[in-house]
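Visitor: Generate coordinates for the sequence data below:
(one chain, ligands or ions: 1)
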Amino acid sequence: MAARAARGGPGLPLIVAAVGRHRRLLAAGIGAGLVWTGTKLAAPPLVTWTIDAGVLGGDTSQLWLGVMLFGGLAVVGAGFAGLRRYYGQCLAFVVEADLRDRLLAQVVRLPAAFHDRHPGGVLVARATTDLQQAQQPVINIAIMVSNLVMLVGAAVLLASIDPVLAAIALAPAVAVFAVAVRFTRRLGPRALDLQTRLGRLASTVDESIAGVRTTKGLGTENDERRRIHERAGEVQRAALRLNTVRATYQPLIELLPAFGLVGVLWIGGLRVAHGSLTVGELVQFSYFGLVIVGPLRIAGMTASQLKRAVVSAGLVAAVLDERQEASPRRPSPSPSPMPMPMPTIRLAGGGPTHSTARVAGGLEIRFEGVTFGYGPGRPVLRDLDLVVRAGECVAVVGATGSGKTTLGALVPRFYEVDAGRILVGGRDARQWPLAELRAQLGVGFEDAFLFSGTVRDNLRFGAPEADDTRLRVAVRLAGAQDVVAGRPGGYDAAVGERGLDLSGGQRQRLSLARALVADPPVLLLDSPTSAVDPAKEAEIVASLATVIQGRTTLLVAHQPALIALADQVVLLDGGRVADLGTHDDLLTRSPRYRRVLAAHPGGALPGDTHPDGVDRAVSVTP
Ligand SMILES: Nc1ncnc2c1ncn2[C@@H]1O[C@H](COP(=O)(O)OP(=O)(O)OP(=O)(O)O)[C@@H](O)[C@H]1O
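Guide: Here you go, the predicted model:
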C-alpha cells in the first residue's frame, strides 16, 4: 500500500479526474497561456528584424516601429501571464475543494470500524495538508502547457534559421526533463514519509487537545509536550530529507539552461564572425536561451511538486477507496412483507405522552445467534439470543467490558455481526435501507456529543423539520428544561465545540432530548443518567418512564432506579445472556446479578452486605 502510494498509485488519476470536472477553468488558463506563448514567440523574430533592419540597416523608423511593437508585446504578454496564473490558481482551489467535498462525504459514510482504526487527526491531515499538496501542481498545468508550446514553437523557429544551433539552444530542455524524471523517483518515498508523519503529528496534536483536561488533571503537561515535540521532530527530519533531495537537483536544473546559453554564445558568436549568422539572429537565439530558463525552472519545480502531490492524493484516494457502510439501497419487495407497527405515542400531542399506561408500539428487536468481535478471534458477543418485544423496555446489565454497549451498537449497524442476525420489526437489519433503519432508532450515547451551534441546532440534528413545540416536549421529557432555561438565549444560546461548555449531565440530557425529537419507535440508550447527580437522575428516570411508553427500548443501565423501568433485565456475561428476568426477580434469585449491580458505583445496593443476601429494599418499582 505504502509502496504503491510512493509510486503514485491512484493519486494521479484522482487529480486528473478532479481537473477534468473543472475543465472550463483549465481551458481559460490554457487559453491565456497560449496568448502569452504567442507574445513570447513573436518577440525574438521582432528583435532580429529590429536589429538587422533598424539598427544595422540604419533605418530609425523601423527601429522605432520595432521598439513600439516589442513594448506592446511585453505589455500584452505580462497581462496574459497574470491571467494564466489567476486561472491556474482558481483551478487549484476548486480542485482542492472538490476533493475535500468527496473526502468528507466519504468519511461520514465509512463504518465505525474504519474510524476505530484511523485516528481523527490523520483524517484531518488528509483533508488539509494532503489536499493542499495535491492542488499545488494544478496551478502550473496551464503554465506548463503554454511553456511546452513555446518550446516547440521556439524549436521550429530556431531550426528554420540554424538547426545545429537550435539543438544546442534547446538541448537543456531535454536534459532538464531527464533530470526531473530521476529527481521525482528519488523524491517519492521521502514525500510519502513526510506526509505520513504529518498525519501522525496531526493525530497526536488532536488527541492532546481533546485530552487537555486529563493532561492538566494528571499534571503531565511536560510529558505531552515531549510527545508532540518528538512527533514534530520526526516531521522536521522527514522534511529535511526531502529538502536534501530537492537541493541536490536544484543546481542542475538552474545550471543546464545556462550551459545552453553558453553554447549558443560560443558557437553562434563564431558563426557571426564567419558571416553565416546575422547579429539579429544571434540575439534571437540568445533571447530564446534566456526565455526558456524560467519555463525550465518551473518544469523542475513542478516535477517535485507533482511527485509530492501524487503521493498525497494517493493517501486521499486510499480513504476514498475504503468500503462505505452498506449501500442505502432499498431491499427488493418481499412477497409477504413483515408488519411494521408504528408507535402510537407521539411528542406532538399532550395526551398520550403523559400517560403512564403502556401503549402498543415500537418495533420488535430480535438477536438470533449473534456473534461479534472487534477483531478476528476475539468475540465480544457469542451466539447471543435475545428478544425485545415491540413496546417493551429491556435493560442490559453486565460487568464492565461484558459487551453492553456493543450490543446496542449492532442494532444501527455501526458494526456488522460476524454470525447470526438482528431482526428489526421482523426484518433483518441488513435488509433495511441503512438510512431508514437508523430513522427508526433514537440513540443516546453515554459520552454525549454536542456540536458547535445553537441549542436548537443540536436538538434538531436528526430531525431538521421539528418545530419548537416538539423541541420543548422533548426537552421536558429529557428533564433538560433547566439546561435550556439556564443559558442566555435559551434555544438560541450557543453551544461550544463538542458541547464542552456544558456539564456532562447537561450534555447527556440535551442528547437524550435530541434522540427524542425525532420521535423514534425504538430507543437505544446507553447509561443515560451516568453523568447526572442523584436528584437529576430521579427526575430523568421519572421522565424516561413516560418516554419509553409505546417504544421499544434497549437500555444499558447500572443504577437500580433506571433498571427498574425495564420490563425485563438481561444479564450479560462472557458475551452471552447469562440470565433474564425482571429486576426484582433477578435481585431475588441471582447472586451474580447482585454482584454486578453492587460492583458499579451507581449501582451500590444499600444494605446488601452479604453477596448472597436478598435486600428487597433496593427494589424500585416505577
Ligand atoms: N471500538 C472498539 N474496538 C475494539 N475493541 C472494543 C471497541 N469497543 C469495545 N471494545 C472491547 O469490547 C469489549 C466490550 O466493550 P463494551 O464497551 O461493549 O462493554 P460494556 O459492557 O459496555 O462496558 P462498560 O460497562 O465498561 O461500558 C471490551 O473488551 C472492549 O475493550
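
Visitor: Now the phi/psi pair for residue 551, please.
Guide: Here the main-chain torsion angles of residue 551 (degrees, to the nearest 10) amount to phi -120, psi 160.

Visitor: Next, count neighbours for it.
Guide: If you count neighbours by other CB atoms under 10 Å, residue 551 ends up with 24. Just so you know, the C-beta spots here come from the backbone N, C-alpha and C atoms, and that holds for glycine as well.

Visitor: Leaving out sequence neighbours, find the closest residue to the residue of the stretch 101-250 of the chain at minimum distance from the ligand.
Guide: With distances taken as CB to the nearest ligand atom, the stretch 101-250 of the chain approaches the ligand most closely at residue 116, which sits 4.2 Å away. Sequence neighbours aside, residue 374 is the residue nearest to residue 116 in space, at 7.1 Å (criterion: CB to CB, 6 or more residues apart in numbering).

Visitor: can you check residue 315 too?
Guide: The spatially closest residue to residue 315, leaving aside those adjacent along the chain, is residue 130, at 5.4 Å (CB to CB, 6+ apart).

Visitor: The helix or strand hosting residue 269 packs against which elements?
Guide: Per DSSP states H and E: residue 269 is located in helix 221-274. Secondary structure elements in contact with helix 221-274, counted by 3 or more CB pairs under 8 Å, 6 or more residues apart in numbering; DSSP states H and E, are helix 163-210, helix 279-291, helix 293-321.

Visitor: and of those helices, who's closest to residue 85?
Guide: When these are ranked by distance to residue 85, counting by CB to CB, first place goes to helix 293-321 at 11.0 Å.

Visitor: relative to helix 221-274, how tilted is that closest one?
Guide: Relative orientation of helix 293-321 with respect to helix 221-274: 140 degrees, computed using axes from the mean of the first three to the mean of the last three CA atoms, to 10 degrees.

Visitor: and after helix 293-321, which helix or strand comes next?
Guide: strand 365-373.

Visitor: quick one: that following strand near the ligand?
Guide: No - with CB under 6 Å from any ligand atom as the measure, strand 365-373 is seen stopping short of the ligand, the closest distance being 7.9 Å.

Visitor: what comes up buried for that strand?
Guide: Burial within strand 365-373, assessed by neighbour count using 16 or more other CB atoms under 10 Å, is assigned to 365-368, 370, 372-373.

Visitor: before we move on, back to that, give me the pLDDT value at the residue of the stretch 101-250 of the chain closest to the ligand.
Guide: On pLDDT, residue 116 comes in at 84.

Visitor: Could you count how many residues lie near it?
Guide: Once other CB under 10 Å is used to define contacts, residue 116 is seen to have 12 neighbours.

Visitor: next structured bit after the helix or strand containing it?
Guide: When elements are assigned from DSSP H and E, residue 116 belongs to helix 112-117. On the C-terminal side of helix 112-117, the nearest following helix or strand under DSSP H and E is helix 120-125.

Visitor: And the contacts of that following helix?
Guide: Counting by CB atoms under 8 Å, 6 or more residues apart in numbering, the neighbours of helix 120-125 from elsewhere in the structure are 107, 195, 198-207, 319.

Visitor: That one and the ligand in contact?
Guide: No - judged by CB under 6 Å from any ligand atom, helix 120-125 stays clear of the ligand, getting no closer than 13.6 Å.

Visitor: Next SSE downstream of that helix?
Guide: Once helix 120-125 ends, the next helix or strand along the chain (criterion: DSSP H and E) is helix 131-139.

Visitor: Tell me the gap between stretch 312-319 and the middle of its chain.
Guide: Averaging C-alpha positions (CA atoms, centre = their mean, to the nearest Å) puts stretch 312-319 11 Å from its chain's average.

Visitor: should've said stretch 591-599
Guide: Stretch 591-599 has its average C-alpha position 43 Å from the chain's average C-alpha position, going by CA atoms, centre = their mean.

Visitor: what's around the residue nearest to residue 315, how many residues?
Guide: By other CB under 10 Å, 28 other residues sit near residue 130.

Visitor: same question, residue 24
Guide: The local packing count at residue 24 equals 11, with neighbours defined by other CB under 10 Å.

Visitor: Look up how far the ligand lies from it.
Guide: 45 Å (CB to the nearest ligand atom, to the nearest Å).

Visitor: That residue - that's part of a helix, no?
Guide: Yes - the secondary structure assignment for residue 24 places it in a helix, going by DSSP: H, G, I helix; E, B strand; the rest coil.
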